[in-house]
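Novice: missing the sequence, but the structure's below:
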């Protein structure tokens, strides 16, 4: 019985792309093209996998192998995007300690932390709450009860 050979990893690419609406245009096309990956195939698979996100930016980690095949892992949307959506603001504050631009509730904070939990460096949901709360503070968004 022959052993299954592992594919040789040649590159790992990290990108942010709009969920369900990625195109071969920069930054995706040039990043994948330089490694010989079929860009159209990646875009089609990525858009099918992220169709429910409807344009929300998501991080994706693409592993490229020696035979030009690839695997990818879609991460959750950035915390700042989820916070802006929950607070219904267009952007964060330029001076977060002086100008507050919005508020979110602790329930909204918890739901954002639950979405981000697999991608955060935290062992408990309470620690994830603190990480997301720090992001909100740095954007000038208050957390209320």
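Specialist: Looks like it arrived, so ask away. A quick note: this is a predicted structure, and the numbers were derived from the prediction, not measured.

Novice: can you measure across stretch 23-41, start residue to end residue?
Specialist: Criterion CA to CA, to the nearest Å; first-to-last residue distance in stretch 23-41 is 11 Å.

Novice: can you list contacts of that stretch?
Specialist: Identification of contacts with stretch 23-41 by CB atoms under 8 Å, 6 or more residues apart in numbering yields 10-11, 13, 15-17, 22, 42-43, 62, 64, 68, 70. Heads up, the C-betas are built off the backbone N, CA and C, glycines and all.

Novice: so how far is residue 136 from residue 25?
Specialist: Plainly put, residue 25 is 32 Å away from residue 136 if you go by CB to CB, to the nearest Å.

Novice: ok, those two, which is more surrounded?
Specialist: Using other CB atoms under 10 Å as the criterion, residue 25 and residue 136 rank with residue 136 on top: 27 against 10.

Novice: surely the more buried one is in a helix?
Specialist: Yes - with DSSP: H, G, I helix; E, B strand; the rest coil as the criterion, residue 136 is located in a helix.

Novice: grab the nearest non-local neighbour of it.
Specialist: Take residue 136 and drop its neighbours on the chain: the residue closest to it by CB to CB, 6 or more residues apart in numbering is residue 83, 5.1 Å away.

Novice: residues of the helix or strand where that neighbour lies that come out buried?
Specialist: Residue 83 belongs to helix 79-87 when elements are defined using DSSP states H and E. Taking 16 or more other CB atoms under 10 Å as the basis for neighbour counts, the residues of helix 79-87 that come out buried are 79-80, 82-84, 86-87.

Novice: can you give me the domain boundaries for the chain?
Specialist: Listed by automatic domain parsing, the domain ranges of the chain are 9-74, 79-144.

Novice: want to throw these into CSV with mean pLDDT?
Specialist: Formatted as CSV, the entries for those read as follows, by pLDDT from 0 to 100:
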stretch, mean pLDDT
domain 9-74, 90
domain 79-144, 92
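
Novice: shouldn't residue 138 be in contact with residue 96?
Specialist: Yes - with contact defined as CB atoms under 8 Å, residue 138 counts as touching residue 96 (5.6 Å).

Novice: where do the strands sit along the protein?
Specialist: 9-18, 57-65, 70-74, 102-105, 141-144 (DSSP state E).
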